[in-house]
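What follows is a predicted structure for the sequence shown.
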Amino acid sequence: MIDSPDQDGSSPAYSPLDTKRKQIRLLHLLPGSWEDPVSCATSNAFVSDNPVFESLSYAWGDPSVTRPVLLNGHAIAVTVNLFAALRRLRYRTLARLLWADALCINQADLEEKARQVSLMGNVYSVASRGILWLGEYSELLYDPATETTRRERLENAIPEANAVEAFEWLHRLAGDPDSKSVSHVGYELTRRPEISSCVGSLQMLLSLPWWSRMWTLQEAVLPRGVIFVCGSSEITLEAMDKAQDNYLEYRTMAARPEPRYGPAGHVLDRLSFWVMAIAHLGEFGEERDITHALFSCKTRQATNPRDKVYAVLGMFPLIARYMEVDYSKDTSQVSTELLLCLIKLHGDLKGLVCAAITPKDPSLPSWVPNWCYIQEDNMPGGEIGLIDEYDEGFSAKTTRAQVRTPRHGVFDVLGVSVGRVMAVYHIHTASSQALSEDIAESFRGWIDSLSVCSAQDTNTNLGIIGHMIDRMRNLDDRDVWIFITGQGHVGYAGHEIQVDDTVHVFFGGKVPFVLRASHCPQDQLRDQYYTLVCHCHVHGIMNGEALGWGLKLQWFSLV
């Protein structure tokens, strides 16, 4: 039943929700012309009934700059961007059924807000379509009577000419849906006279806040279909994905260095990173990887750092069953809880790899990933490649992780010690496209000087090192640390390791890990503590060999 508008405001704006079942409110966006006040009504619905509606994804914007909408007859203040979206999206003669968080959740009821936040994954999953509202044309938000006249306050706006040009260029890059040729991309990237204008317009479009907000990732991934909307301009996710696919394929076929594309390459790389994250996470469905999701949105912003984790839980209902949204927990508790949940569910130590490649936080133990960090720059790193490399590993065979519940920040893992690092050699892989003769000779002299390496092993080790450098270069990792253990095993790592660090294979770990002796005895019951340094690749133990050598099984205490 629709909550009928009440002009005198005698009834509450929100009817109560069933707290025992997954009940939500839907927004009936009432018809009107452009100049009419924006008016809405709500109705309650159960998620299990699969109601038909469209979800609205948008960046809230400055909460101090608002416009009024009528909700069940009550004047409700909403941010300018939501007001602009509702005014643009409403039909002239028919009501439109939507879900928009700011109006469908009673923002004044903190208990309801917490419950509804935990249901957001369900909401977007049952939506028939997701409308990804990027913003309005800046000319239409101009109001000489208010502070929003100032250009810097129009944070979710773009000039109409630029928005139209950007969308038209994306449609051209996508090309004919039935065409398998990408020859048109060359024209768009190199020979089209107005290319600089198109690049500038797309840059402006990608600078709109929607792309940088944390919650918008799941809002784009979960609906059954999505469409990007900016003012009256539209493009489907399929077309956007096709545009970036064509660009990447053409760049590969052309075999030209990236600088040839100049600003066009830079802005299209940004587009590819964001669109691929949305499209690929959507394709994997229940098989999607939360670590991929977290690294895909590492540059997205969140007002509350906990939302760096909570905002993706809706895409992972199995994890959400064991990890509820709780803003009373600090960020270290949230990060630790997620890691332990992943180990419990999957018996896997991928989270330790994530701990090594996320920025260090003094408040966190070395074995806990810093999931709540926000990266300032907007370009991708090599984290996803490192995670993919981990997934290909087999160093602990198919064993499940054996761990002890952490106490006082100490986490015990079961495994074996493979050896101690005796020598380390650092190289910057970008300095050479191949293992050149001078680099090879430098390695040869280094290897020959090591007592753990025999003369007949030198050429073999050089070949192994060359292969390792190629692997790291493919992962876009510029710095490689080559090391040799006391037993003569050659390995590499993408993080700085030191002489006397130790290499280990843990049950449930697909790659070896490097530990460093630590002196942080919070718990006097243990004799030795270690900090986690990184994961590594060691020639000769990547296929489970170490677990067959009869090495002593030990508990290693990580701090």
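Sure thing, it's come through.

going forward, measure contacts and count neighbours with C-alpha atoms only.
OK.

just checking, what packs against the lengthiest helix in the chain?
Ranked by residue count and defined by DSSP state H, the top helix of the chain is helix 262-284. Here helix 262-284 touches helix 195-206, helix 216-221, helix 237-254, helix 290-296, going by 3 or more C-alpha pairs under 8 Å, 6 or more residues apart in numbering; DSSP states H and E.

Of these, which is nearest Gly544?
Smallest distance to Gly544 across those (C-alpha to C-alpha): 24.1 Å, for helix 290-296.

Dump that closest one to CSV, keeping only the CA atoms.
Output of helix 290-296 as CSV, limited to C-alpha atoms (Å, rounded to 0.1, in the frame of the first residue of the first chain):
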residue,chain,number,x,y,z
ILE,A,290,36.4,-9.9,-2.1
THR,A,291,40.1,-9.2,-2.3
HIS,A,292,39.7,-8.2,-5.9
ALA,A,293,36.8,-6.0,-5.0
LEU,A,294,38.7,-4.3,-2.2
PHE,A,295,41.7,-3.5,-4.4
SER,A,296,39.5,-2.5,-7.3
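
Run the chain-centre distance for it.
Relative to the chain's own centre, helix 290-296 is displaced by 4 Å; criterion: C-alpha atoms, centre = their mean, to the nearest Å.

Strands of the stretch 301-450 of the chain, start to end?
Counting by DSSP state E, counting those that start in this stretch, one finds strands in the stretch 301-450 of the chain at the ranges 403-407, 410-428.

what's the burial count for Lys329?
12 (other C-alpha atoms under 10 Å).

now do Cys536
Neighbour count of Cys536, defined by other C-alpha under 10 Å: 24.

Kindly report the same for Trp549.
Trp549 has 10 nearby residues by other C-alpha under 10 Å.

Helices of the stretch 351-500 of the chain, residue ranges please.
All helices of the stretch 351-500 of the chain, identified by DSSP state H, counting those that start in this stretch, fall at 383-391, 437-448, 458-474.

for the stretch 451-559 of the chain, what are the low-confidence residue spans?
451-478, 519-527 (pLDDT under 70).

hey, where'd the strands end up in it?
With strands called from DSSP E, counting those that start in this stretch, the stretch 451-559 of the chain shows them at 479-485, 490-493, 502-506, 513-518, 529-535, 537-538, 554-558.

Can you give me the buried ones in the last one?
By neighbour count with 16 or more other C-alpha atoms under 10 Å, strand 554-558 contains the buried residues Phe556, Ser557, Leu558.

Out of the residues you listed, which is nearest to Phe273?
Leu558 (34.3 Å).

wait, what's in contact with the closest one?
When contacts are counted by C-alpha atoms under 8 Å, 6 or more residues apart in numbering, Leu558 touches Pro365, Ser366, Trp367, Val410, Phe411, Asp412, Val413, Tyr529, Tyr530, Thr531, Leu532.

Reformat the residues you listed as a markdown table; add neighbour count and distance to Asn44.
Formatted as a markdown table, those follow (neighbours: other C-alpha atoms under 10 Å; distance: C-alpha to C-alpha, whole Å):
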| residue | neighbour count | distance to Asn44 |
| --- | --- | --- |
| Pro365 | 21 | 45 |
| Ser366 | 23 | 46 |
| Trp367 | 24 | 44 |
| Val410 | 23 | 47 |
| Phe411 | 21 | 46 |
| Asp412 | 19 | 48 |
| Val413 | 19 | 48 |
| Tyr529 | 21 | 55 |
| Tyr530 | 23 | 54 |
| Thr531 | 20 | 52 |
| Leu532 | 23 | 50 |
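
would CSV of the residues you listed with distance to Met240 be doable?
Output for the contacts of Leu558, formatted as CSV (distance: C-alpha to C-alpha, whole Å):
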residue, distance to Met240
Pro365, 41
Ser366, 39
Trp367, 38
Val410, 46
Phe411, 44
Asp412, 46
Val413, 44
Tyr529, 50
Tyr530, 47
Thr531, 44
Leu532, 41
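
Assign a three-state SS to Leu94, would you?
Following DSSP: H, G, I helix; E, B strand; the rest coil, the label given to Leu94 is coil.

Nearest residue to Ala311 in space, please, no chain neighbours.
Trp215 (5.1 Å; C-alpha to C-alpha, 6 or more residues apart in numbering).

circling back to that earlier point, quick one: residues in contact with the longest helix of the chain.
With C-alpha under 8 Å, 6+ apart as the criterion, helix 262-284 contacts 189, 196, 199, 202-203, 206, 211, 217, 220-222, 237, 240-241, 244-245, 247, 258-259, 288, 293, 296, 378-380.

try it again with 6 Å
Contact with helix 262-284 is made by Val199, Val221, Gln244, Arg288, Ser296, as judged by C-alpha atoms under 6 Å, 6 or more residues apart in numbering.

Closest to Arg404 out of those residues?
For the contacts of helix 262-284, the nearest to Arg404 is Arg288 (27.3 Å; C-alpha to C-alpha).

Please report how far the closest one lies from Thr303.
Per C-alpha to C-alpha, to the nearest Å, Arg288 is found 25 Å from Thr303.

Neighbour count: the two, which is higher?
Taking neighbours as other C-alpha under 10 Å, Arg288 and Thr303 compare with Arg288 leading, 15 against 9.

In stretch 229-236, which of the residues would be classed as buried?
Residues of stretch 229-236 classed as buried: Val229, Cys230, Gly231, Ser233, Glu234, Ile235, Thr236 (neighbour count, 16+ other C-alpha under 10 Å).

I'd guessed the third one sits against Trp133; true?
No. Counting by C-alpha atoms under 6 Å, Gly231 does not reach Trp133; the two are 8.4 Å apart.

domains in this structure, as residue ranges please.
The chain breaks down into these domains under automatic domain parsing: 1-127, 136-288, 298-378, 403-558.

Can I get the ones you listed in TSV including distance to Asp388?
Below are those laid out as TSV (distance: least, C-alpha to C-alpha, whole Å):
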stretch	distance to Asp388
domain 1-127	26
domain 136-288	13
domain 298-378	10
domain 403-558	10
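
just so I know, which of those lies nearest Ile384?
domain 403-558 (8.9 Å).

Quick check: end-to-end length of that closest one?
For domain 403-558, the end-to-end distance is 11 Å (C-alpha to C-alpha).

show me where pLDDT drops low in the stretch 301-450 of the chain?
In the stretch 301-450 of the chain, residues with pLDDT under 70: 376-381, 429-450.

what about the nearest residue to Val410 once chain neighbours are set aside, neighbour count?
Nearest residue to Val410, sequence neighbours excluded (C-alpha to C-alpha, 6+ apart): Val559, at 4.9 Å. Using other C-alpha under 10 Å, Val559 is surrounded by 25 other residues.

picking up where we left off before, mind giving me CSV with the helices and strands packed on helix 262-284 and columns for mean pLDDT and distance to Ala100?
Converted to CSV, the helices and strands packed on helix 262-284 look like this (pLDDT from 0 to 100; distance: least, C-alpha to C-alpha, whole Å):
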stretch, mean pLDDT, distance to Ala100
helix 195-206, 93, 22
helix 216-221, 93, 11
helix 237-254, 88, 20
helix 290-296, 90, 23
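
I'd like to know which of those helices lies nearest to Lys22.
That would be helix 216-221 among the helices and strands packed on helix 262-284, by C-alpha to C-alpha, at 18.3 Å.

Averaged pLDDT, the helix or strand following that closest one. What do you get?
Once helix 216-221 ends, the next helix or strand along the chain (criterion: DSSP states H and E) is strand 226-230. For strand 226-230, mean pLDDT is 97.

I'd like to know which elements strand 226-230 is packed against.
Contacts defined by 3 or more C-alpha pairs under 6 Å, 6 or more residues apart in numbering; DSSP states H and E place strand 226-230 against strand 129-137, strand 233-236.

now the angle between strand 226-230 and the first one, please.
Relative orientation of strand 129-137 and strand 226-230, computed by axes from the mean of the first three to the mean of the last three C-alpha atoms, to 10 degrees: 10 degrees.

What is strand 129-137 packed up against?
Judged by 3+ C-alpha pairs under 6 Å, 6+ apart, the packing partners of strand 129-137 are strand 54-57, strand 157-158, strand 226-230.
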